[in-house]
Structures are given as C-alpha cells and as structure tokens.
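Novice: let's see this in three dimensions:
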Amino acid sequence: MAKTKTNYTTADVHEFINSFADTDQKRHDSFELLKLMQDITGCAPKMWGPSIIGFGNYHYKYKSGHEGDAPVLGFSPRKAAFSLYVYSDTEKSKRALANLGKFKMGKACIYVKKLSDIDIPVLRELCEESIKYISEHHECSCRVK
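Specialist: Okay, the predicted model is just below:
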C-alpha cells in the first residue's frame, strides 16, 4: 500500500511563507489566510509536507484500507494560484460555491489567484461546512466557533 506523502512536519510556517510565496501580494494573502483559518479552527498553523499549511487534524480511512492523517483545513501558496483545502462535497458547499467569486475547482480543492477575487464570508462558510462534515465523518480535532 502507498505511503501517505503529506505528513505533519515541524517546519516553521512563517519562514515557509516568506521564502515560498513569490510576490508581496501572495505573502500578504497567505498571512490573511493564516488569520482566517486559525480563527475558524482555533488551531495553530502547522506545515504538512513541504508546502501545505494546515489547521487541526483528522484521521481518515478509505474503503480500500488506505488510511492516514490530514489537516482539517489548509492551503498552499503555489506559484499559479492558492490551493485551498476547504471543500466538502455537501449540498451547502455546492450552493456556496456559486457565490464565492473567481476560482477554479479541482477534485478536492479550490484554486484562487488572489483573495480579492473571492468573497471572504463565503470562504468562511465553506470552511465551516467542511469542518462540520469532517467532524461528522472522521475522528478529528475539529470544532466550529
């Protein structure tokens, strides 16, 4: 069985942002996302793998038997766009996406170029819905304020 690549590390989140985010705008937006996700989860940011900033953690197990741990919410300030790990496939999340703003959708994440392209209250709603879904379906450190 394949080993999970995205594991918690002890790397410094602020150092990562300052060295990895390639523009002042990307750094500014990264620190705004830090504040937002920390406020929503009540958890300090931690590095997961070499480039994901995560908040909280949960344990998952697929029907295939593959299992592991992942952050409850997270993001990565990638070069082309932010990868936001805040989405759960629920009806409420699907409805919220219609009001999010300018983004692209991947299989399990949302891609945005900059925070000013999206509606932050809708992002908060997506985060809270994701926490709710994860807490109902997995063992986790989640909580909604």
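Novice: make it CA atoms for all contacts and neighbour counts henceforth
Specialist: Will do.
Novice: can you give me the end-to-end span of stretch 46-66?
Specialist: One end of stretch 46-66 sits 23 Å from the other (CA to CA, to the nearest Å).
Novice: now Met37: which helix or strand?
Specialist: Per DSSP states H and E, Met37 falls inside helix 24-41.
Novice: the helix or strand following that helix packs against which elements?
Specialist: Using DSSP H and E, the helix or strand that directly follows helix 24-41 along the chain is strand 45-48. The contact analysis (3 or more CA pairs under 8 Å, 6 or more residues apart in numbering; DSSP states H and E) places strand 45-48 against helix 13-20, strand 52-55.
Novice: would you turn those into a markdown table with distance to Gly101?
Specialist: Output for the helices and strands packed on strand 45-48, formatted as a markdown table (distance: least, CA to CA, whole Å):
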| stretch | distance to Gly101 |
| --- | --- |
| helix 13-20 | 24 |
| strand 52-55 | 23 |
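Novice: of these, flag the one that's most buried.
Specialist: Mean neighbour count (mean count of other CA atoms under 10 Å) peaks for strand 52-55 among the helices and strands packed on strand 45-48, with a mean of 26.
Novice: helices along the protein, start to end?
Specialist: Assigned by DSSP state H, the helices in the chain fall at 13-20, 24-41, 91-97, 120-137.
Novice: can you redo those as JSON lines with mean pLDDT?
Specialist: Formatted as JSON lines, the helices of the chain follow (pLDDT from 0 to 100):
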{"stretch": "helix 13-20", "mean pLDDT": "96"}
{"stretch": "helix 24-41", "mean pLDDT": "97"}
{"stretch": "helix 91-97", "mean pLDDT": "94"}
{"stretch": "helix 120-137", "mean pLDDT": "94"}
